[in-house]
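Chemist: Sharing a model prediction with you, sequence too.
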Amino acid sequence: MEFRNSEIEAPNNISIRGILGLLTANTDPNENGKNVISLGIGDPTAYSCFHTNYAAQEALLEALCSGEFNGYSPTAGLPQTRKAVAEYLSRDLPYKLPPDCVYVTAGCTQAIEIVLSVLARPGANILLPRPCFPIYGICASFRHLEARYFDLIPEKGWEVDLSQVEHLADHNTVAMVIINPGNPCGSVYTYHHLKKIAETSKRLGIVVIADEVYGHLAFGPKPFVPMGVFGSIAPVLTLGSLSKRWLVPGWRLGWLAINDPNGSLKSPKFVERLKKCCDICGGPATFIQAAVPAIIEQTQDMFFRKTINILKQTSDICYKKIKEIRCVSCPLKPEGSMVFMVKLNISMMKGINDDLDFCFKLAKEESVIILPGLAVGLKNWIRITFAVEPFSLEEAMERLNSFCQRHYC
């Protein structure tokens, strides 16, 4: 018997975890005598220098041991959690964000799934940056949202090509996505550029989806400015989480916030659709939600400054080493997040066909894992994660240098 779903095709987008799994399987530390060092995935907790603070751990333990949070939570999130996140986000906004504009999600990935589900409709399209965190393309494919890609300009600090955005948009465009601080670019946008993005979105009549999972992780000359600041110009759906700033990606505590002081998105149909998506998806564990108010309130600035200082140190190491390596170049010194993009000059390498070939051979010969640019939409680039302890990072960059020297022609 042949089932009807036997012909269903999976989206052909490449996932980060999928490609990193293949690269890891291609390493052979027994043959080359080198331990595997991954500069591929943005999980800083793999290294001892990145660990969450005592206040967060105590808050979580207290919520769990209280015995009060073993049942289901409201699907939009516990009221106290929504209130705490709203107050946290409001610190950087020119208006107060109401708690009912916050929806608690199982990490930022679920927030992406929910927002794309809510906005999807027959014939709709969404504008995504290139390069882009690939989950957006995968989620769009599953929801039959046509993904149209606008370029980020390396020579201008990976700013959005706004003229291209206007060219790509039409009456079926529902939203554009920006990721700030940038993944995979390591960029941080200025107030002026973010305002221009909002003004462009207003002219086009579309929503801005602002992925701020790396919010406040800025260590260059530009401060982090949340897109929600411009919610009165164009409606903004802000996605965030505790994952990166609090160094707890495994806790899967994220949020979706509606930054829309003018009420453009507060139609009963939109809110009802959003609530129903939350009903379907569920959210993070109740006791983790219950810990959020204390986590936010009791975490001291010293903890955040320590993380920023380490990221500044490791990004400096990466950028300095990259400048010493032939065959590669970096258009922007990392200013934020935990990753950045490096361009490969394939014409200067012998035995290397493209970025995918580069990364597989690097894994095989040097036991260093780096994400090929193909995974984020830029062929013949690579994405390097610098949320790594300095000693391991220095070793990995030396191996990268040796690999490039060996294949230099």
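Modeler: Yep, it's here.
Chemist: Helices along the protein, start to end?
Modeler: 16-25, 29-32, 54-65, 79-90, 107-119, 135-142, 162-168, 191-204, 268-281, 286-298, 301-324, 355-366, 390-406 (DSSP state H).
Chemist: which residues touch the third one?
Modeler: Think helix 54-65. With Cβ atoms under 8 Å, 6 or more residues apart in numbering as the test, helix 54-65 has contacts from 69, 242, 246, 248, 251, 287-288, 290-292, 294-295, 298-300, 303. In short, each C-beta sits where N, CA and C put it, glycine included.
Chemist: Which one of the residues you listed is nearest to residue 353?
Modeler: Within the contacts of helix 54-65, the smallest distance to residue 353 is 39.3 Å, found for residue 248 (Cβ to Cβ).
Chemist: just for this protein, where's the confidence low?
Modeler: Residues of the chain meeting the criterion pLDDT under 70: 1-13.
Chemist: re earlier: can the helices of the chain go into JSON lines with extra columns for mean neighbour count and distance to residue 214?
Modeler: Below are those laid out as JSON lines (neighbours: other Cβ atoms under 10 Å; distance: least, Cβ to Cβ, whole Å):
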{"stretch": "helix 16-25", "mean neighbour count": "15", "distance to residue 214": "15"}
{"stretch": "helix 29-32", "mean neighbour count": "10", "distance to residue 214": "31"}
{"stretch": "helix 54-65", "mean neighbour count": "17", "distance to residue 214": "18"}
{"stretch": "helix 79-90", "mean neighbour count": "20", "distance to residue 214": "15"}
{"stretch": "helix 107-119", "mean neighbour count": "23", "distance to residue 214": "10"}
{"stretch": "helix 135-142", "mean neighbour count": "20", "distance to residue 214": "14"}
{"stretch": "helix 162-168", "mean neighbour count": "15", "distance to residue 214": "22"}
{"stretch": "helix 191-204", "mean neighbour count": "18", "distance to residue 214": "15"}
{"stretch": "helix 268-281", "mean neighbour count": "14", "distance to residue 214": "23"}
{"stretch": "helix 286-298", "mean neighbour count": "21", "distance to residue 214": "17"}
{"stretch": "helix 301-324", "mean neighbour count": "16", "distance to residue 214": "10"}
{"stretch": "helix 355-366", "mean neighbour count": "21", "distance to residue 214": "23"}
{"stretch": "helix 390-406", "mean neighbour count": "18", "distance to residue 214": "18"}
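Chemist: now these as TSV including distance to residue 347?
Modeler: Listed next are the helices of the chain as TSV, based on distance: least, Cβ to Cβ, whole Å:
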stretch	distance to residue 347
helix 16-25	23
helix 29-32	27
helix 54-65	48
helix 79-90	47
helix 107-119	37
helix 135-142	28
helix 162-168	27
helix 191-204	33
helix 268-281	47
helix 286-298	50
helix 301-324	18
helix 355-366	13
helix 390-406	13
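Chemist: which one of the ones you listed lies closest to residue 380?
Modeler: Checking those against residue 380 by Cβ to Cβ gives helix 355-366 as the closest, at 4.9 Å.
Chemist: what's the spacing between residue 330 and residue 222?
Modeler: To residue 222, residue 330 is 17 Å away according to Cβ to Cβ, to the nearest Å.
Chemist: I should have written residue 361 there, sorry.
Modeler: Using Cβ to Cβ, we find residue 361 at a distance of 36 Å from residue 222.
Chemist: The closest residue in space to residue 282 that isn't next to it in sequence and residue 69, how far apart?
Modeler: Excluding the flanking residues, the one nearest residue 282 by Cβ to Cβ, 6 or more residues apart in numbering is residue 75, at 6.3 Å. Noted for residue 75: a distance of 15 Å to residue 69, by Cβ to Cβ.
Chemist: Could I get the contacting residues of residue 372?
Modeler: Taking Cβ under 8 Å, 6+ apart as the criterion, residue 372 is in contact with 19, 355, 356, 358, 359, 381, 382, 383.
Chemist: any idea how far it lies from residue 293?
Modeler: 41 Å.
Chemist: And the furthest pair within the contacts of residue 372?
Modeler: Once Cβ to Cβ is applied, the contacts of residue 372 give 19 and 381 as the farthest pair, at 13.8 Å.
Chemist: Tell me how many other residues crowd the spatially closest residue to residue 373 that is not a sequence neighbour.
Modeler: Once flanking residues are discounted, residue 373 sits nearest to residue 381: 3.1 Å by Cβ to Cβ, 6+ apart. Counted with other Cβ atoms under 10 Å, the neighbours of residue 381 add up to 24.
Chemist: was I right about residue 381 contacting residue 340?
Modeler: No. With contacts counted by Cβ atoms under 8 Å, residue 381 stays clear of residue 340, the gap being 10.3 Å.
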